[in-house]
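> Just a sequence and a predicted model for now, questions to come.
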2 protein chains.
Amino acid sequence: MRDVLDEWRPVVDETIEELLPRLVDDAYLADFFGEPTYQYDPDAVQAALSDPIWELLDRGGKRWRAVVFLLLVEAFGEDPDEYLPYACVPEILHNGTIIVDDVEDDASMRRGDAALHLEHGTDVALNAGNAMYFLPLKIITRDPGDLDDGTRLAAYEMLMYELNRTHLGQGMDIHWHNEKEIQMSERQYLEMCACKTGCLGRIVARLAAIVTGQSDAVEQAVADYAEQMSIAFQIGDDILDVEHTLDEAGAFGKEFGNDVREGKKTLMVIHAARNADPEDVARLEEILWADDNDEDEILEVIEILQSTGSIEYAREQALALAERARNHLSDLDLEPEPADHLSAFTRFVVERDV
Amino acid sequence: MRDVLDEWRPVVDETIEELLPRLVDDAYLADFFGEPTYQYDPDAVQAALSDPIWELLDRGGKRWRAVVFLLLVEAFGEDPDEYLPYACVPEILHNGTIIVDDVEDDASMRRGDAALHLEHGTDVALNAGNAMYFLPLKIITRDPGDLDDGTRLAAYEMLMYELNRTHLGQGMDIHWHNEKEIQMSERQYLEMCACKTGCLGRIVARLAAIVTGQSDAVEQAVADYAEQMSIAFQIGDDILDVEHTLDEAGAFGKEFGNDVREGKKTLMVIHAARNADPEDVARLEEILWADDNDEDEILEVIEILQSTGSIEYAREQALALAERARNHLSDLDLEPEPADHLSAFTRFVVERDV
């Protein structure tokens, strides 16, 4: 899995660089954004968009969304090199959401360094993050794959569908952070993940299907694959946060006990709230709801999650989702080698340790 | 002008309410966002999206973007009632940018009350603001005007063009706030306005032309009208900030000397920097660059702007832009009554006092 990621990452970054160069000049601006009515200020655009965006991209990220896109294209029997710019669509969107999420959560760290809004100011970071919501959508208009009108329209309507649901999921998640009572159901939690994390995965898969002209049934199957895998990924992420907190590992690039501090209602928390003693549930709600937590409180939450077997429960759910994701691929007529990689990805998202 | 605005505002708000009801339930969510994979949490969506968005809309706003859209449709000889949902596209986008801008600027007030991120938290406000970037784009997919595929694609490609430039303009503006030296040219300032404010105006005009099937030439002419009028509006807004600061009028709903505090490089500031004594320019840069300003410093900036005639200069530029905007309409074959209103709007945006 690592090999495929390592192989594609520089190619993906080179393609992103063609869409948003590290050095911005008037010629690029006129080409990408259109002729100015008066006069652009390339230095300002450099500082306000290119610099913060490239700083984030250069800090890391696995580009797995772009790689899954390219593997899907290959699995459909097409040449991934011909569709590289489209692979960047979900990747740029994802990195945009990271910047915006960090402002929303007032996060202090991102990928081992200060969060972008602390480095560049909330104004610059937020505008850059939001610009990354629209920059990639312009790729469809620029039409590097010479798609017909119907295909471009299908791509836009799909993107609008998924990007609306992204904000629905984020809204549910945020609202729950701010509520003291843990009253959402597991199905609502899974829906939140399906929207917040799953929709970006669905964009990866549906865009790959749309640009290569697959049938609706194939598009639906790979969308389900990506959605289930993304939910598994999200649950895996929440488990990792607990494990890294227990290890006190600074290498994760996030703060110690970040999810507890944020008051995140993870699947583990929801499961524990259903299965713990009333006093433990009250304690859980108390600590998660508090504006700030000390180390003892964070470890207390994790002990409650352990006492109810909630970490193990979440891992089983993630594994089951990953398996369901794989099964969505099994009826499709895919090229065997990329299909194997796509299957392997469903394991990777749950078993990864970073 | 007031009459037309007052007449349409409740109709526009009713239409927005059909797109995003004040009371969210499962049926609405399934209809607008699509069937859930698991289960939505309507209460969470209510609190995270509907409540903050309606709070902002209910606080006021003139809905002039929607009204200009409807006047253009009428001027093209079509029935505005048939295109009401499309009129809401720029209106919802605009209100979304307001929420996001207030987070970016860390504004404390909006429309006479606490800024939304202070009322609902940065996380809820920002997600709601960003949701308002995508909610209206879904209207094109929902297709209330029964548009053909080519028309819907044209609408999407236009929206992607303009929304990309919006973030370019905002980026330039923000970067300038954070720079001490006043070195941008007037043409760069006008470009910033053309992008940041003008693109929303262009969306109003181009969308009206696209959905009613006007020629490219007509679409271009009304886009130019809206762009020039929007720049005039922006300059008018900057002048109003100075005038209200001088009046110490709290009714404006913004802080006293807000633009100075933010370090905004307005056309007045750029003009003054070209025409004032070097010591005054240094003072101007100093005060605008400082993290915070007292009342004396704010008044000192305004005195410099007055000494160079920069407020008057900006007003002349705004009037000239408004005239140019009107001229873009004069060659078109428009219905006389709405055309008169559209002309009157170009005066209103410069001469308004709120």
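That came through, no problem.
> all contacts plus neighbour counts: C-alpha atoms, from now on.
OK.
> Tell me which residue in the stretch 251-354 of chain A sits closest to chain B.
At 11.1 Å from chain B, A:Glu262 is the closest residue in the stretch 251-354 of chain A, using C-alpha to the nearest C-alpha.
> Next, the contact list for A:Leu93, please.
Applying C-alpha atoms under 8 Å, 6 or more residues apart in numbering or on different chains to A:Leu93 gives the contacts A:132-133, A:136, A:200.
> nearest residue to A:Tyr156 other than its sequence neighbours?
Among residues not flanking A:Tyr156 along the chain, B:Tyr156 sits closest, at 7.0 Å (C-alpha to C-alpha, 6 or more residues apart in numbering or on different chains).
> Could you check the angle the helix or strand hosting A:Glu91 makes with helix B:84-105?
A:Glu91 is located in helix A:84-105, with elements delineated by DSSP states H and E. Going by axes from the mean of the first three to the mean of the last three C-alpha atoms, to 10 degrees, helix A:84-105 is angled at 60 degrees with respect to helix B:84-105.
> which parts of helix A:84-105 are buried?
Neighbour-count burial for helix A:84-105, counted by 16 or more other C-alpha atoms under 10 Å in any protein chain shown, picks out A:84-104.
> could you dump it to PDB, C-alpha only?
The C-alpha trace of helix A:84-105 is given here as PDB (Å, rounded to 0.1, in the frame of the first residue of the first chain):
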ATOM      1  CA  LEU A  84      -4.500  13.200 -13.300                       C
ATOM      2  CA  PRO A  85      -6.000  16.700 -12.900                       C
ATOM      3  CA  TYR A  86      -9.300  15.100 -11.800                       C
ATOM      4  CA  ALA A  87      -7.500  13.100  -9.200                       C
ATOM      5  CA  CYS A  88      -6.600  16.400  -7.600                       C
ATOM      6  CA  VAL A  89     -10.200  17.500  -7.200                       C
ATOM      7  CA  PRO A  90     -10.900  15.600  -4.000                       C
ATOM      8  CA  GLU A  91      -7.400  16.000  -2.800                       C
ATOM      9  CA  ILE A  92      -7.500  19.800  -2.900                       C
ATOM     10  CA  LEU A  93     -11.000  19.800  -1.500                       C
ATOM     11  CA  HIS A  94      -9.800  17.600   1.400                       C
ATOM     12  CA  ASN A  95      -6.900  19.900   2.200                       C
ATOM     13  CA  GLY A  96      -9.300  22.900   2.100                       C
ATOM     14  CA  THR A  97     -11.500  21.200   4.700                       C
ATOM     15  CA  ILE A  98      -8.500  20.600   6.900                       C
ATOM     16  CA  ILE A  99      -7.700  24.400   7.100                       C
ATOM     17  CA  VAL A 100     -11.400  25.200   7.700                       C
ATOM     18  CA  ASP A 101     -11.800  22.500  10.300                       C
ATOM     19  CA  ASP A 102      -8.800  23.800  12.200                       C
ATOM     20  CA  VAL A 103     -10.300  27.200  12.400                       C
ATOM     21  CA  GLU A 104     -13.600  25.800  13.500                       C
ATOM     22  CA  ASP A 105     -12.000  23.600  16.200                       C
END
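> Quick check: neighbours of the next helix or strand after it in the sheet, parallel or antiparallel?
Counting by DSSP H and E, the next helix or strand C-terminal to helix A:84-105 is strand A:109-110. With DSSP bridges as the test, strand A:109-110 is paired with strand A:113-114 (antiparallel).
> now the strand it pairs with: mean pLDDT?
For strand A:113-114, mean pLDDT rounds to 96.
> same check, this time on stretch A:336-346
96.
> now what about that stretch, what contacts it?
Taking C-alpha under 8 Å, 6+ apart as the rule, stretch A:336-346 contacts A:1, A:68, A:71-72, A:74-75, A:229, A:232, A:322-323, A:325-326, A:329.
> And the residues you listed, which is closest to B:Glu248?
Using C-alpha to C-alpha, A:Ala232 comes nearest to B:Glu248 of the contacts of stretch A:336-346, at 56.1 Å.
> which phi and psi does A:Glu78 have?
The phi/psi pair for A:Glu78 (degrees, to the nearest 10) reads phi -110, psi 170.
> For it, which non-adjacent residue is closest in space?
Using C-alpha to C-alpha, 6+ apart, the closest residue to A:Glu78 is A:Thr212 (7.3 Å).
> What are the buried residues along stretch A:102-118?
Neighbour-count burial for stretch A:102-118, counted by 16+ other C-alpha under 10 Å, picks out A:102-104, A:106-111, A:115-118.
> Kindly report the same for stretch A:234-247.
A:234-245.
> Save those residues as JSON lines, and put in secondary structure too.
Converted to JSON lines, the buried residues of stretch A:234-247 look like this (DSSP: H, G, I helix; E, B strand; the rest coil):
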{"residue": "A:Gln234", "secondary structure": "helix"}
{"residue": "A:Ile235", "secondary structure": "helix"}
{"residue": "A:Gly236", "secondary structure": "helix"}
{"residue": "A:Asp237", "secondary structure": "helix"}
{"residue": "A:Asp238", "secondary structure": "helix"}
{"residue": "A:Ile239", "secondary structure": "helix"}
{"residue": "A:Leu240", "secondary structure": "helix"}
{"residue": "A:Asp241", "secondary structure": "helix"}
{"residue": "A:Val242", "secondary structure": "helix"}
{"residue": "A:Glu243", "secondary structure": "helix"}
{"residue": "A:His244", "secondary structure": "helix"}
{"residue": "A:Thr245", "secondary structure": "helix"}
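> Done for today, thanks.
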